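S.K.: Return atomic coordinates for the entry below.
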Amino acid sequence: MRSIHTYIIRYSEIGLKGKKSRRQMESRLVGNVRNALETRGLNADVRCVFGRIYVESDEAIIGDLLSRIFGIKSYSRAIKNRWNSLDEIVDNAEKIFSDQVKGKTFSVRTRRIGNHDFKSLDVSKAIADRLFKYSGGVDLDNPQVEVYVEIRDNLVYYFNEKSRGPGGLPLATEGRYLALVSGGIDSPVAAWMMMKRGSPVDFLFISMADPIDTREFYRSIGILQNDWSYGYGSNAYVCDFRPFIKKMMDRNVIKFPNVTFKKIMYMLAERLSIDHNYNGIITGESSGQVSSQTPENIRELSAGMLIPVIRPLIGFDKDEISDLARRIGTFPVSPLGEFCALFAETPITRIKKEELSADMASVDFLEEMLASTTVKRTAKAISELAPPTSDNGHLSGSEVVVDLRSPLEYKSWHYENSINLPLHKAIELIESEQHPEEIVFYCNMGLQSAYLSSLAADLGIKSRYYSTEKLKKIKDH
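M.R.: Numbering: from 1, shown residues only. All right, here's what the predicted structure looks like:
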């Protein structure tokens with residue numbers, strides 16, 4: 001009996017489309033499967049026949065790859081044979097499955113396409129009769145082993161499991177979107193959700209601590225590009241927002257920065273979407289999750305937008321999003337926290353139209369943001385990324401250690417001999433002529449300290465940054 005490595009791929013939604021759309025989507029899915037295999041250096045024959053896609057390869061380990069190609073509902077590794085009679089089909093089934101059903105309950109599921117002198121039920125009964133003597137009995141409702149047989153003209157495929165694919169539609173069968181993505185948990189998941197709906201996605205990142213936070217952004221979108229974007233090479237836009245942070249911190253100019261900053265991101269994404277013909281802006285917002293994502297704030301943020309804002313996660317809770325991020329692979333290794341930590345001690349949860357309008361009237365740097373936004377092919381940007389600087393996790397005692405947390409948190413615990421400074425005072429320290437030769441910054445999550453460390457590096461000051469938790473571990477060791 002001759003066996004080869006054959007995978008049967010199934011789809012669901014594609015089969016509901018009209019004849020023309022279905023043919024186009026099948027073709028795209030076949031192309032994406034081929035692209036995935038070529039990307040991994042795997043040789044295979046991929047073809048679509050009778051509503052199934054077949055992959056035949058000398059490689060026996062391509063299943064994990066198929067589990068990450070959008071449009072695939074499920075797949076099975078099968079043994080393929082040619083047959084001349086029903087008895088031959090049954091004989092081969094006995095050889096393949098007799099050990100697998102030994103002492104276990106089983107069922108036989110047969111699917112048949114073509115003209116034959118027997119019915120699917122005849123095949124199932126004949127194989128069940130042959131396997132019964134090895135088994136613990138037949139159970140059609142809850143068997144321990146399911147025997148699957150698919151007959152296509154003069155070919156038969158045997159398998160006993162169905163592995164889950166991501167489902168959805170093949171990537172690049174729907175229009176493009178631009179995703180606002182951070183190095184956090186939510187936004188990469190939102191981008192993935194729209195990719196699952198067949199839409200190619202490019203990425204926009206607004207950096208607060210370039211290149212520190214940009215690295216985590218590239219890590220997240222690198223996973224989306226390398227592990228999920230088969231059939232599309234994405235682009236990555238990066239805007240260095242550091243020159244505008246001090247203005248955002250000035251309460252005489254920007255009174256509601258947690259919402260106003262989100263509107264600024266929307267406006268930049270809108271300009272890029274218009275210039276580059278994206279169909280919408282994807283965000284990772286979930287209703288009520290943080291202060292800027294209340295229904296009232298979302299309403300005002302969306303007002304006046306010329307490009308639709310798509311929120312795939314609007315009804316998800318944090319645990320659901322985190323679980324999906326882990327499954328996708330984008331869950332952050334070292335999250336730096338949210339941008340609001342930089343801007344607002346008392347964030348507003350129900351901004352009024354006139355309040356947001358007044359803040360936006362003071363935003364005169366959108367054109368500068370647009371001009372300073374760079375774009376690269378994601379794959380190229382990742383390949384050019386410099387390795388992270390090593391940190392031995394040791395403080396010599398000669399550094400100036402700056403605690404950026406609140407005075408109450410500082411009083412509760414602080415690193416020995418550290419000084420407690422608010423963000424604006426820490427900036428003044430960096431920019432003063434009498435700045436220390438080496439500074440260590442720490443804050444609750446790491447974003448504020450990363451921002452200051454990046455500013456210090458630009459001025460030639462040796463610096464490091466930590467979260468409070470990491471600094472505690474360094475002290476304990």
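S.K.: Mind picking out the helix or strand in this protein with the poorest mean pLDDT?
M.R.: Between all helices and strands in the chain, the lowest mean by mean pLDDT, DSSP states H and E belongs to helix 340-343, at a mean of 58.
S.K.: List the contacts of the helix or strand following it.
M.R.: Following helix 340-343 in sequence order, the next helix or strand is helix 353-361 (DSSP states H and E). Here helix 353-361 makes contact (Cβ atoms under 8 Å, 6 or more residues apart in numbering) with I254, K255, F256, P257, V259, T260, K263, I264, E300, L301, A303, I348. For glycine as for every other residue, the C-beta is placed from the backbone atoms N, C-alpha and C.
S.K.: Now do the helices in the stretch 301-450 of the chain.
M.R.: Ranges of helices within the stretch 301-450 of the chain are 318-328, 340-343, 353-361, 366-372, 378-383, 407-412, 423-431, 447-458, based on DSSP state H, counting those that start in this stretch.
S.K.: Indicate which one of these is closest to V309.
M.R.: Closest of the helices of the stretch 301-450 of the chain to V309 is helix 353-361, at 14.9 Å (criterion: Cβ to Cβ).
S.K.: Could you identify which of the helices of the stretch 301-450 of the chain is most buried?
M.R.: When those are scored by mean count of other Cβ atoms under 10 Å, the highest mean neighbour count falls to helix 447-458 (a mean of 23).
S.K.: I'd assumed S98 was in contact with V147.
M.R.: No: look at V147 against S98 with Cβ atoms under 8 Å: they stay out of range, at 10.5 Å.
S.K.: Of the two, give the one with the bigger neighbour count.
M.R.: It is V147, of V147 and S98, that has more neighbours when counted by other Cβ atoms under 10 Å, with 23 against 14.
S.K.: The residue nearest to the more buried one when sequence neighbours are not counted: what's it in contact with?
M.R.: Of all residues not flanking V147 in the chain, V108 sits nearest, at 4.6 Å (Cβ to Cβ, 6 or more residues apart in numbering). By Cβ under 8 Å, 6+ apart, V108 lies in contact with V123, S124, K125, I127, A128, L131, V147, V149.
S.K.: Tell me which entries of those lie within helices.
M.R.: Among the contacts of V108, the members falling in helices (DSSP state H) are V123, S124, K125, I127, A128, L131.
S.K.: With distance to S67, neighbour count and pLDDT added, can I get the residues you listed in TSV?
M.R.: Putting the ones in helices among the contacts of V108 into TSV (distance: Cβ to Cβ, whole Å; neighbours: other Cβ atoms under 10 Å; pLDDT from 0 to 100) gives the following:
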residue	distance to S67	neighbour count	pLDDT
V123	29	23	98
S124	28	18	98
K125	33	15	97
I127	28	25	98
A128	30	20	98
L131	29	23	98
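S.K.: before we move on, back to that, the contacts of V108 into TSV, with extra columns for distance to L324?
M.R.: Formatted as TSV, these follow (distance: Cβ to Cβ, whole Å):
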residue	distance to L324
V123	40
S124	38
K125	43
I127	39
A128	40
L131	39
V147	33
V149	35
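S.K.: Show me the shaky parts of the stretch 351-477 of the chain.
M.R.: Residues of the stretch 351-477 of the chain meeting the criterion pLDDT under 70: 388-392, 477.
S.K.: repeat that for 50
M.R.: For the stretch 351-477 of the chain, not a single residue meets the criterion pLDDT under 50.
S.K.: Repeat that for the chain.
M.R.: Scanning the chain for pLDDT under 50 picks out the ranges 1-3.
S.K.: who touches the residue lying farthest from the centre of it in this structure?
M.R.: The outermost residue of the chain relative to its centre, with distances by Cα atoms, centre = their mean, is D117 at 49.5 Å. D117 makes contact with no residue, according to Cβ under 8 Å, 6+ apart.
S.K.: Where does it sit, in terms of helix or strand?
M.R.: Counting by DSSP H and E, there is no helix or strand that carries D117.
S.K.: and it, backbone torsions?
M.R.: Main-chain dihedrals, D117, degrees, to the nearest 10: phi -90, psi 20.
S.K.: distance of it from E94?
M.R.: As for D117, its distance to E94 is 21 Å (criterion: Cβ to Cβ, to the nearest Å).
S.K.: quick one, helices of the stretch 101-250 of the chain?
M.R.: Using DSSP H, counting those that start in this stretch, the helices of the stretch 101-250 of the chain run over 120-131, 186-196, 212-228, 242-249.
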